[in-house]
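Colleague: Make a model of this:
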Amino acid sequence: MVVLPSPIFAIIATIILIVLPYNTSHGQEINCYHHETLDISIEEWVTANGGMVHESIERRTGPYGRGYFATADIEAGAVVVKLPLDLVIPHSNSPCDTIQTLREDMADDKCSKYYPYFQSIAATAAQGGAPMDLPSAWDEDVRDLVNDLPPYTHDWNLHTNNLNECGFTTNSKPSSTHTTALFTYVTRSNAYGLTPVLDIFNHGYHSTSLYIPAHDPNTLVLKTSRSHAAGDELLLQYRDGVGVGMGAVQTMLGAHLEPVGSPELFRDYGFLEPFPTLWWFTNGRDERHSFIVADGEGNVE
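Modeller: Below you'll find the model as predicted:
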């Protein structure tokens with residue numbers, strides 16, 4: 001047997017660690033993604049990887065938390081974000097599979113392709129934003145205060161309860177990597193998956209539209225639906241609500257069909273959406289009465 005001198009052994013061990021990075025959270029060897037720089041904003045990361053963020057929008061805190069605001073007038077039909085699909089974390093076969101994949105990617109830390117994205121999510125959480133503000137993360141005494149409000153379902157742990165099958169912990173605070181991944185999935189995913197930059201836009205109606213253009217099937221495009229003045233917040237519609245149009249909502253109400261409204265959004269995500277908002281309550285005979293608050297002056301339609 002040949003015994004290597006300790007300096008040579010140390011050099012060989014270092015080479016092995018560099019060539020074959022090992023992630024103890026997975027229990028297996030992984031390929032470490034090479035980032036040109038880790039000191040980069042989420043917007044710069046998207047741009048450096050073939051995307052685009054409009055020069056006249058900025059990320060800052062507003063009345064609905066952190067979002068994107070116009071720094072100059074933006075006309076209707078302007079493209080404000082282009083996101084390559086290879087930067088999207090897509091849905092897997094089931095929510096449980098997607099959350100497990102997300103948790104593993106987060107555990108890869110700087111070796112993950114999505115590290116700058118996860119850093120931006122962590123920064124948001126540190127400032128009190130998602131994923132920490134879901135009702136499932138509220139203290140139990142706080143949830144008790146809203147139990148008697150619409151939608152009267154007492155299921156403020158909706159997401160964690162529905163995803164128990166994933167084998168995740170259901171602590172009221174997201175203290176584990178599993179629970180953090182679960183909360184991130186709930187607050188950040190849309191029909192396409194988890195979409196960096198796009199998921200920073202706050203929910204609202206008649207502001208922007210999101211689609212994949214036929215001529216560029218590998219890119220998600222966010223375009224303005226109307227003009228925005230400097231200082232306006234740009235919003236992105238995540239749930240139907242009254243976004244289907246006031247006339248359509250009134251027709252549904254007349255036919256006793258109830259669209260998703262502010263009570264359901266509050267239960268599921270812990271925020272109150274911008275106007276117009278659909279509210280409802282029930283009387284002692286379990287009859288449901290719906291109404292639309294059109295603006296901040298309290299005008300009802």
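Colleague: quick one, what contacts residue 113?
Modeller: 33, 105 (CB atoms under 8 Å, 6 or more residues apart in numbering). The C-beta positions use only the backbone N, C-alpha and C, and glycine is treated the same way.
Colleague: same question for stretch 120-138, mean pLDDT?
Modeller: Stretch 120-138 comes out with an average pLDDT of 72.
Colleague: Wait, a strand at residue 83?
Modeller: Yes: assessed with DSSP: H, G, I helix; E, B strand; the rest coil, residue 83 lies in a strand.
Colleague: Verify the contact between it and residue 196 for me.
Modeller: Yes: when contacts are counted by CB atoms under 8 Å, residue 83 is listed as touching residue 196 (6.8 Å).
Colleague: what touches both of the two?
Modeller: Common contacts of residue 83 and residue 196 (CB under 8 Å, 6+ apart): residue 46.
Colleague: Need phi/psi at the most centrally placed residue in the chain.
Modeller: Nearest to the centroid of the C-alpha atoms of the chain, with distances taken as CA atoms, centre = their mean, sits residue 188, at 1.6 Å. Residue 188 adopts backbone torsions of phi -110, psi -20, taken as degrees, to the nearest 10.
Colleague: swap in residue 137?
Modeller: Torsion angles, degrees, to the nearest 10, at residue 137: phi -100, psi 0.
Colleague: Verify the contact between it and residue 184 for me.
Modeller: No: between residue 137 and residue 184 there is no contact under CB under 8 Å: 12.0 Å.
Colleague: Show me where the protein has its strands.
Modeller: Counting by DSSP state E, one finds strands in the chain at the ranges 22-23, 28-29, 52-53, 57-62, 65-70, 79-84, 189-190, 193-194, 202-203, 208-211, 219-224, 233-236, 277-282, 288-293.
Colleague: Which one of those lies nearest to residue 270?
Modeller: Smallest distance to residue 270 across those (CB to CB): 10.5 Å, for strand 65-70.
Colleague: Go through the closest one and flag the buried ones.
Modeller: 66, 67, 68, 69, 70 (16 or more other CB atoms under 10 Å).
Colleague: what sits opposite the last one in the beta ladder?
Modeller: When bridges are assigned using DSSP bridges, the partners listed for residue 70 are residue 57.
Colleague: Spit out the contact partners of it.
Modeller: Going by CB under 8 Å, 6+ apart, residue 70 touches 56, 57, 228, 229, 230, 231, 232, 233, 234.
Colleague: what about the helices in the stretch 51-200 of the chain?
Modeller: 95-107, 115-126, 140-145, 158-162, 177-188 (DSSP state H, counting those that start in this stretch).
Colleague: With the stretch 201-301 of the chain instead?
Modeller: Per DSSP H, counting those that start in this stretch, the stretch 201-301 of the chain carries helices over the ranges 246-254, 262-269.
Colleague: angle of the last one against strand 288-293?
Modeller: With axes from the mean of the first three to the mean of the last three CA atoms, to 10 degrees as the basis, helix 262-269 and strand 288-293 are set at 90 degrees to each other.
Colleague: Tell me which of the helices of the stretch 201-301 of the chain sits nearest to residue 296.
Modeller: Closest approach to residue 296 among the helices of the stretch 201-301 of the chain (CB to CB): helix 262-269, 13.9 Å.
Colleague: How about residues contacting the closest one?
Modeller: Residues from elsewhere that reach helix 262-269, judged by CB under 8 Å, 6+ apart: 134-135, 146, 149-151, 153, 155-156, 158-159, 186-187, 203, 239, 241, 271-273, 277-280.
Colleague: Could you turn the buried ones of those into a ChimeraX selection?
Modeller: The ChimeraX selection below is limited to those of the contacts of helix 262-269 classed as buried (16+ other CB under 10 Å):
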select :134,135,146,150,151,155,156,158,159,186,187,203,239,241,271,273,277,278,280
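Colleague: which residues sit in contact with residue 52?
Modeller: By CB under 8 Å, 6+ apart, the contact set of residue 52 is 46, 79, 81, 82.
Colleague: State the distance from the closest residue to the third one other than its chain neighbours to residue 201.
Modeller: When you say that, I think you mean residue 81. What sits nearest to residue 81 in space, not counting adjacent residues and going by CB to CB, 6 or more residues apart in numbering, is residue 222, at 4.1 Å. With the distance defined as CB to CB, to the nearest Å, residue 222 ends up 8 Å from residue 201.
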